[in-house]
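Chemist: sequence and predicted structure are below.
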Amino acid sequence: MSVIVMGQHIQGLIAATLIGQKGHQVTMVDLDNQSYNEFYDGCKTGDVAHMPFAIPQSLVHQLDLQSYGFNVPKEPVPNPFEKLPFYDGLQLLLEMFHGLNEFRPPYNEKAWRDTWSNFEIGRVLSGYDQKIQDLFAKSATVSLKELLDATDLSVKDKSEISACCILGSKTDPNAPGSAASLLPAMDNFNKNDHVVLRGSLHALTRALKQSAMAAGVTIIDDKTVSKIITEDGNLHLLELSDGQKIAADNYIIDYDPVSLFTTYLEDHPLLPAFRNRITPTKNEKTCMHAKIVLEGVTDSIASQMIAPTWDYITTAIDDMKKGGGSQHPILSVVNCSADNATLTKDGHVVLDVVAQYFDTDVQGDDNHDALAQAVKQVVEQEIPLADGAIKTIKIMKSPTQFGQPNFVGMMPLLQLFKAFSGHHGLAYDFPFENVMLVGYGDGCAPHCHVFDGGARAAALFNS
């Protein structure tokens, strides 16, 4: 069997390696080759996990990643949710949602599956004590702000937890039901026998590539996909940037699906339900992505969330609602060059930043200077070492699938089904028979729908 993997990111590399280890013919090619391209003289970023990403210990050993330079962090990634007084109760609720998929009847319609899930949740909750039932009720009805205000946590802790819950999404922490955003946000911290990572994933990506090559995977680095040709409900072949055509029995995709269809498959006749799911207006984010280069900084800058107070968060949201973007946006800052000197040159620091909130209408190219100024203002104000050291800021839209489900005051239970039920995942009803979507590309490795997409796809191919 032959397989082509499009997108050289975490889940695509995992799938390619596991399939290659079974002796199948696997080729990897990139779609846009942007991840490790220089965006400024000698500086690049690559795959980054702003949200925690959990990789199974067993997979680290199976792919022999430590032999290829990936070292398990000596210190665990701090889990801000452990400070919550009802953390144990939230863990039980997480187990409940994960357990729904194990017993769900094979209904064909999503509506019937969700109806069954509602009744099943009621049945499971009836076996818990009153405290857990009350916690579930609160998480599905009250706002995140209300739930956190009822605790004795410090202002800093409340702000950090709120920022983690809304990172990369449209979630409004003031909206009824937004307390449910705690569950998907803390999920990756609660997987047994996993290594939790946050920040630059360069060392992991590099080790996965070397492991893939050791498994016989052919990696095409010097050209990208320029055209995807379909035939009779299948992907037929790929045309590369130099005109070469390649084909396989099956295809695996680790790439932003909105960009995939709008760039390569725009004219393909899709079923309306699926087209609606990948239409950009349904997936655009109120956050945007920035890459920053600092010059002349010698001391280390810690990766961090910048949302110091609840008033700061509320102001950022209100600025967007008035039309436009936040003058003081909430930031997630990752220092990519701290552990990976190869991503920059001497005397420079590379930061990868997610900033929110910004109305999608203001994220066009014409407004990049204004967006960069808003980000620069906060970085220089909150990170003193960066004051006067910023050499360049490159603004771009975040991947459409980045972030958690959007708790904006409407049907929080449905949002939780989307987070934890496979039939709500975008890959569930992918419209080509010989294609699997295992990941959402650069920056989306921790997404709840695809965090184990590579291993799941490989298991199907290798069975």
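Modeler: Yep, that arrived. Numbers count the residues shown, from 1 in each chain.
Chemist: please, which helix or strand holds Asp311?
Modeler: Here Asp311, judged by DSSP states H and E, is contained in helix 310-321.
Chemist: Gly422 - how many residues pack around it?
Modeler: The number of residues packed near Gly422 is 13, by other C-beta atoms under 10 Å. Where you see a C-beta, it was placed from the backbone N, CA and C, and this is true even at glycine.
Chemist: taking helix 310-321 as reference, get the angle to whichever helix or strand comes after the helix holding Asp311.
Modeler: In the C-terminal direction, the helix or strand that comes right after helix 310-321 (DSSP H and E) is strand 325-335. For strand 325-335 against helix 310-321, the angle by axes from the mean of the first three to the mean of the last three C-alpha atoms, to 10 degrees is 120 degrees.
Chemist: so which elements touch strand 325-335?
Modeler: For strand 325-335, the elements it packs on are strand 48-56, helix 155-166, strand 194-200, strand 304-306, helix 310-321, strand 348-358, helix 368-382, judged by 3 or more C-beta pairs under 8 Å, 6 or more residues apart in numbering; DSSP states H and E.
Chemist: so that strand versus strand 348-358, what angle?
Modeler: Going by the same axes, to 10 degrees, strand 325-335 makes 140 degrees with strand 348-358.
Chemist: contacting residues for Asp172?
Modeler: Ile166, Ser178, Ile317, Phe407, Val408, Gly409 (C-beta atoms under 8 Å, 6 or more residues apart in numbering).
Chemist: ok, so of these, who is nearest Leu351?
Modeler: Leu351 lies nearest to Ile166 out of the contacts of Asp172, by C-beta to C-beta, at 20.2 Å.
Chemist: skip the chain neighbours and tell me the closest residue to that closest one.
Modeler: With C-beta to C-beta, 6 or more residues apart in numbering as the criterion, Ile166 has its nearest non-adjacent residue at 5.9 Å, and that residue is Pro173.
Chemist: which SS class is the one you found?
Modeler: In three-state terms, and counting by DSSP: H, G, I helix; E, B strand; the rest coil, Pro173 is coil.
Chemist: ok, it to Lys145 distance?
Modeler: Applying C-beta to C-beta, to the nearest Å, the value for Pro173 to Lys145 is 5 Å.
Chemist: and these two? Which one has more around it.
Modeler: Taking neighbours as other C-beta under 10 Å, Pro173 and Lys145 compare with Pro173 leading, 24 against 19.
Chemist: got a pLDDT number for that one?
Modeler: pLDDT for Pro173: 94.
Chemist: how about the one 4 residues further on?
Modeler: On the pLDDT scale, Gly177 is placed at 94.
Chemist: neighbours of it, how many?
Modeler: As a burial measure, Gly177 scores 25 neighbours (other C-beta under 10 Å).
Chemist: state the distance from it to Ile161.
Modeler: Taken as C-beta to C-beta, the span from Gly177 to Ile161 is 17 Å.
Chemist: in this protein, where is pLDDT below threshold?
Modeler: Residue ranges of the chain with pLDDT under 70: 34-35.
Chemist: domain ranges for it?
Modeler: Under automatic domain parsing, the residue ranges defining each domain of the chain are 2-77+195-281+406-462, 81-190, 286-397.
Chemist: tell me if I'm right that Gly453 and Gln11 touch.
Modeler: Yes. Contact criterion C-beta atoms under 8 Å: Gly453 and Gln11 qualify, at 4.4 Å.
Chemist: between the two, which has more neighbouring residues?
Modeler: Gln11 (30 against 27).
Chemist: got the contact list for the more buried one?
Modeler: Asp254, Val438, Gly439, Ala445, Val450, Gly453, Gly454, Ala457.
Chemist: and it, that one's in a strand?
Modeler: No. Under three-state DSSP, Gln11 sits outside any strand and is assigned helix.
Chemist: name the nearest residue to it, ignoring sequence neighbours.
Modeler: Per C-beta to C-beta, 6+ apart, closest to Gln11 is Gly439, 3.2 Å.
Chemist: what's the longest strand seen in the chain packed up against?
Modeler: Using DSSP state E to define each element, the chain has its longest strand at strand 218-231. Packed against strand 218-231, as judged by 3+ C-beta pairs under 8 Å, 6+ apart, are the following elements: strand 25-30, helix 202-214, strand 234-240, helix 257-264.
Chemist: tilt between that strand and helix 257-264?
Modeler: Interaxial angle, strand 218-231 versus helix 257-264 (the same axes, to 10 degrees): 70 degrees.
Chemist: parallel or antiparallel, list what pairs with strand 218-231.
Modeler: strand 25-30 (parallel), strand 234-240 (antiparallel) (DSSP bridges).
Chemist: pick the most deeply packed of those strands.
Modeler: Comparing those by mean neighbour count (mean count of other C-beta atoms under 10 Å), strand 25-30 comes out on top with a mean of 22.
Chemist: who's in contact with that one?
Modeler: 1-8, 12-13, 16, 19-20, 212, 215-221, 223-225, 238, 240, 246, 248.
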